[in-house]
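> make a model of this:
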Amino acid sequence: MGIPSLDNTAEEVVVAQPRERGHDILNRGFGFRAALSLAFADISPIVALYAIFALGLFAAGPRFFWAFPIVLCGQLLVALVFGELASRFPYAGSVYQWARHAKGTTWGWTAAWAYIWGLTLTLSTMAYAAAGFILEVIGVASPSRWLLAAVSIGVICFTTAANMIGRQVLKVMIVASIICEIVGSVGLGTVLLLFHRVNPISTLFDGLPDSSGSTMSTMLIAVAFVGWAFLGFESAGSIAEEVEDPERNVPKAIIFALLLVGVIVMYSAAAVILAIPDLSAVLTAQSGDPVSATLTAQLGSSIAKPLLLMFVIGFMSACLAVQSAVSRAVYGMARDRALPGAEFLSKLGGPERMPIRAIGLTAVVAAFFLLFAGSDLYNVLVNFSVMGPYIAFAVPVFAAAFTRLAGRWVPGVFSLGRWGAPVTYAAAAWLAFEVINVLWPRTQPGQPWFVNWSMVISLVSLGAVGVVVYARCRNRITEPVGERL
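Numbers count the residues shown, from 1 in each chain. As a prediction, this is how the structure comes out:
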C-alpha cells in the first residue's frame, strides 16, 4: 500500500483500515466499555497502590501521597497525546504504530522494543506479587524462592489460557476483577476512613513545605516509584483493531481509565496512610508490609484474608490485561515483519482469530524470567519494567512533537484543537523528566553496585540486543498499516 499525501485539514483525513493479507485481520470483538475495562484492569488500582506503597512510604514518609497527583497530572498529558495518536492511527500495537506512522520505522521499532521488554518483565513482576498473596492467603508464611517461582509460573499459565480462549472469556474475567478492584479499593478505603482513622489529615502534609535538599530528593524517589503505578492506560490502543469505532472509543478509554484509576488510588492511599496504627514505628523499622499489617491490625485476620484474596484477583486481572497488550504489540510488529520469526508470530488462531502464538511467546519469556526470581539478576531485569514503558511512551510523544513542529500534524476524529501543540510539548517535557528521574542511579545500602546501577545496565544491555535484532530485520520490514504522516 502506498503512502498518500495529506493536506493539513482535519476534514480530509481518512483513516485507513489494516491491509488485508489474508490471515492478519483481527475481529472487532470489543466495544468502548470493554476497552475501558481492559485499560482499567491493566493499570489496576490495587496494583497501582499496593505494589509501591511500602517503597514510597519508606522513601518519603506520608508526604509521598503527593507523588500521586504529580504523576497523575503528568500522565494525563501523555494520555491526551495518546488519544490523538490513537484516533489518527487506530492499529494493533499502540506505541509502535503511533511512533512509526508519525516519525518513521526506526522510531516505531524503538518504542516497540522498549514496550515489549518492559511489559513482559512487568508481567513477571505482577505474577510474582500475585503468587506471594496467594501463598499468604493459604497460610504459607515463609515460602521458598522456588515455591514462589512455581506459583508465579502457574499464574502465567492461567492468564495465558484465559487470553487464548477468546475475547468473551477475557471480558467476563476482567469485569469480575474490576468489581473486586472497586470493593478492595473504594470500599476498603471508605471503611478505613470512617471507622479506623488514627492519624490526622495533617499527617499527609508532614514535612511540606520544606526547602531542604533531602525532602526534594526523597520526593523525586517517590515520584519515580509512583511512576510505575500509572502505566497501562495505553493498552486500549494496543487492541484498537479489535474495538468498534476505534477512532472515537479508544481515546476515550485511554483517558477515562487513567482518570478513574488515579482518583481511586489517591483515595485509597490517603485512607491507608491515615489508618496506620503506629506510623512513626513503621517509618523507623523500614521493613515489612505496612498495608497487610495495617489491615490485620484494624480489621482482624479473619477480614484481612478475604481482602488479600481480592488483591490476588487484582494482580491476576492486571496480568491478563498486560499480557493482552504486549501480545498485540508483538503481533503488530510481526505482521510488519519487524521481528525474527515474524511469519510464525503473525498468524491468528481459534474461532475468534486471536494472536495465540504472540500470546504464547509472552508467556514463555515471562515464565523464563521467573526462574531467576529472588536473585540479583532478577532485580536488575525487573527494574526495566519501570524504565521500558517510559521510554516507549516518550518515543511516540516526541515523534508527535517533532511532527507538530514541522507543521505536518493532521488531526483525527479526536482532537485537542489549539491545545494539541502545547499539551504535546508539555507531555514530552514530563516524560523527559521522568525518564531521567527513573534512570538516575540511587545508592541503596546493602545492595551490590550492579543493582544500584540496574536501570543503566538493563537499558544498555537490552538496547544493544535491540540494535542487533533491528539490523537483521530492517531490510524486510514492510510498509506500515494504513496511512503515514
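> how many other residues sit next to Val413?
For Val413, the number of neighbouring residues by other C-beta atoms under 10 Å comes to 16. Where you see a C-beta, it was placed from the backbone N, CA and C, and this is true even at glycine.
> nearest residue to it other than its sequence neighbours?
Closest residue to Val413 apart from its sequence neighbours, by C-beta to C-beta, 6 or more residues apart in numbering: Glu247 at 4.1 Å.
> mind checking how far the one you found is from Ser87?
Using C-beta to C-beta, to the nearest Å, one obtains 5 Å as the distance from Glu247 to Ser87.
> looking at the two, which is more packed in?
Set side by side, Glu247 and Ser87 show unequal neighbour counts under other C-beta under 10 Å, the larger going to Ser87 at 25 against 18.
> related to what we said a few turns ago, wait, the residue nearest to Val413 sits on Gly412?
Yes - judged on C-beta atoms under 8 Å, Glu247 makes contact with Gly412 at a distance of 5.8 Å.
> give the other helices and strands that the strand or helix carrying the residue nearest to Val413 contacts.
Under the criterion of DSSP states H and E, Glu247 resides in helix 246-275. For helix 246-275, the contact count by 3 or more C-beta pairs under 8 Å, 6 or more residues apart in numbering; DSSP states H and E identifies helix 32-43, helix 45-50, helix 53-60, helix 67-88, helix 188-195, helix 235-238, helix 290-299 as packing neighbours.
> angle of the fourth one against helix 53-60?
In other words, helix 67-88. Comparing the axes of helix 67-88 and helix 53-60 via axes from the mean of the first three to the mean of the last three C-alpha atoms, to 10 degrees yields an angle of 120 degrees.
> again, but for the last one
Inter-element angle recorded for helix 290-299 and helix 53-60: 110 degrees (by the same axes, to 10 degrees).
> for the helix or strand just after helix 290-299, which positions count as buried?
Secondary structure here is assigned by DSSP H and E; on that basis, the next helix or strand after helix 290-299 toward the C-terminus is helix 301-335. Of the residues in helix 301-335, those with enough neighbours to count as buried (16 or more other C-beta atoms under 10 Å) are 304-305, 307-335.
> how close does the spatially closest residue to Thr296 that is not a sequence neighbour get to Phe311?
Nearest residue to Thr296 in three dimensions, chain neighbours excluded: Ala304, at 4.6 Å (C-beta to C-beta, 6+ apart). As judged by C-beta to C-beta, Ala304 and Phe311 stand 10 Å apart.
> need the contact list for the closest residue to Leu204 other than its chain neighbours.
With C-beta to C-beta, 6+ apart as the criterion, Leu204 has its nearest non-adjacent residue at 5.0 Å, and that residue is Phe65. Listed by C-beta atoms under 8 Å, 6 or more residues apart in numbering, the contact partners of Phe65 are 204, 266, 269-270, 273.
> which among those residues gets closest to Pro396?
Out of the contacts of Phe65, the one with the shortest distance to Pro396 is Met266. That distance is 26.9 Å, counting by C-beta to C-beta.
> quick one: the closest one and Ala67 touch, right?
No - the pair Met266 / Ala67 is not scored as a contact, 10.1 Å apart, by C-beta under 8 Å.
> which one's more surrounded, these two?
When Met266 and Ala67 are compared on other C-beta under 10 Å, the one with more neighbours turns out to be Ala67, at 25 against 18.
> so what pLDDT did that one get?
According to the model's per-residue confidence, Ala67 sits at a pLDDT of 93.
> pLDDT weak spots in this structure?
The model of the chain has pLDDT under 70 over residues 1-27, 207-214, 375-377, 444-446, 481-485.
> so how far is Phe344 from Ile356?
Taken as C-beta to C-beta, the spacing of Ile356 relative to Phe344 amounts to 11 Å.
> for the two, indicate the residue with more neighbours.
Under the neighbour definition other C-beta under 10 Å, Ile356 and Phe344 were set side by side, and Ile356 has more, 19 against 12.
> neighbours around the closest residue to the more buried one other than its chain neighbours, how many?
With C-beta to C-beta, 6+ apart as the criterion, Ile356 has its nearest non-adjacent residue at 4.2 Å, and that residue is Gly349. When neighbours are counted by other C-beta under 10 Å, Gly349 registers 14.
> got it, and Thr203?
18.
> roughly how far apart are it and Gly61?
With distances taken as C-beta to C-beta, Thr203 is found 9 Å from Gly61.
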